[in-house]
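J.: Here is a sequence together with a model predicted from it:
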Amino acid sequence: MSDLVLLDTDILSMFFRGHPSVVSRMEEYTKDHEKIYLSIITYYEILSGLRHIEATRQIEQFLEFCLFNEILPITLESASIAAKHYANLRKLGTPLADMDLLIAGIAIENNMTLITHNMKHFSRIPGIKVQDWGE
């Protein structure tokens with residue numbers, strides 16, 4: 001059985017748009033795993049984007065998807081991990097957005113591989129495991 005994965009917002013968005021590579025990798029992953037994991041940050045980003053454009057059908061699909069999968073919260077530990085990486089990256093002059101750091105903190109805390117289409121962005125965080133299913 002492979003490592004558990006945490007989906008970044010861009011990958012989940014690509015999945016809902018039917019991106020062939022992402023859909024294929026998700027199907028392969030769910031053969032061995034009961035659930036897909038996303039962070040509360042990704043939940044917020046997807047839902048707020050869909051509500052902004054009033055995409056009622058897509059909102060219903062997303063909420064149904066969430067019922068059958070697992071949304072991981074921000075904890076004190078994941079927030080502390082994110083804060084540590086924020087400080088280090090800012091000192092280097094290469095800060096990342098708070099939302100991305102929080103997603104990374106959740107992935108690191110739970111020892112999950114972060115699945116993202118933004119490898120360049122997240123690979124700057126020491127100790128994080130990342131893969132791109134959108135290739």
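T.: Alright, I've got the coordinates.
J.: C-alpha only now, for contacts and for neighbours.
T.: Will do.
J.: other SSEs contacting the helix or strand bottoming out on mean pLDDT in the chain?
T.: Taking mean pLDDT, DSSP states H and E as the measure, the chain has helix 119-122 as its least confident helix or strand, at a mean of 91. Helix 119-122 is packed against strand 129-131, with contacts defined by 3 or more C-alpha pairs under 8 Å, 6 or more residues apart in numbering; DSSP states H and E.
J.: what does the longest helix seen in the chain contact?
T.: Taking DSSP state H as the criterion, the chain has its longest helix at helix 76-91. For helix 76-91, the surrounding residues in contact (C-alpha atoms under 8 Å, 6 or more residues apart in numbering) are 95, 96, 98, 101, 102, 104, 105, 106, 108, 109, 125.
J.: okay, it in PDB with CA atoms only?
T.: Extracted as PDB, the C-alpha positions of helix 76-91 are listed here (Å, rounded to 0.1, in the frame of the first residue of the first chain):
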ATOM      1  CA  LEU A  76      -1.800  23.500  16.700                       C
ATOM      2  CA  GLU A  77       1.000  21.200  15.400                       C
ATOM      3  CA  SER A  78       0.200  21.900  11.700                       C
ATOM      4  CA  ALA A  79       0.000  25.700  12.400                       C
ATOM      5  CA  SER A  80       3.400  25.500  14.200                       C
ATOM      6  CA  ILE A  81       5.000  23.600  11.300                       C
ATOM      7  CA  ALA A  82       3.600  26.200   8.900                       C
ATOM      8  CA  ALA A  83       4.900  29.100  11.000                       C
ATOM      9  CA  LYS A  84       8.400  27.600  11.200                       C
ATOM     10  CA  HIS A  85       8.500  27.200   7.400                       C
ATOM     11  CA  TYR A  86       7.100  30.700   6.900                       C
ATOM     12  CA  ALA A  87       9.800  32.200   9.100                       C
ATOM     13  CA  ASN A  88      12.600  30.300   7.300                       C
ATOM     14  CA  LEU A  89      11.400  31.000   3.800                       C
ATOM     15  CA  ARG A  90      10.800  34.700   4.600                       C
ATOM     16  CA  LYS A  91      14.400  34.900   5.900                       C
END
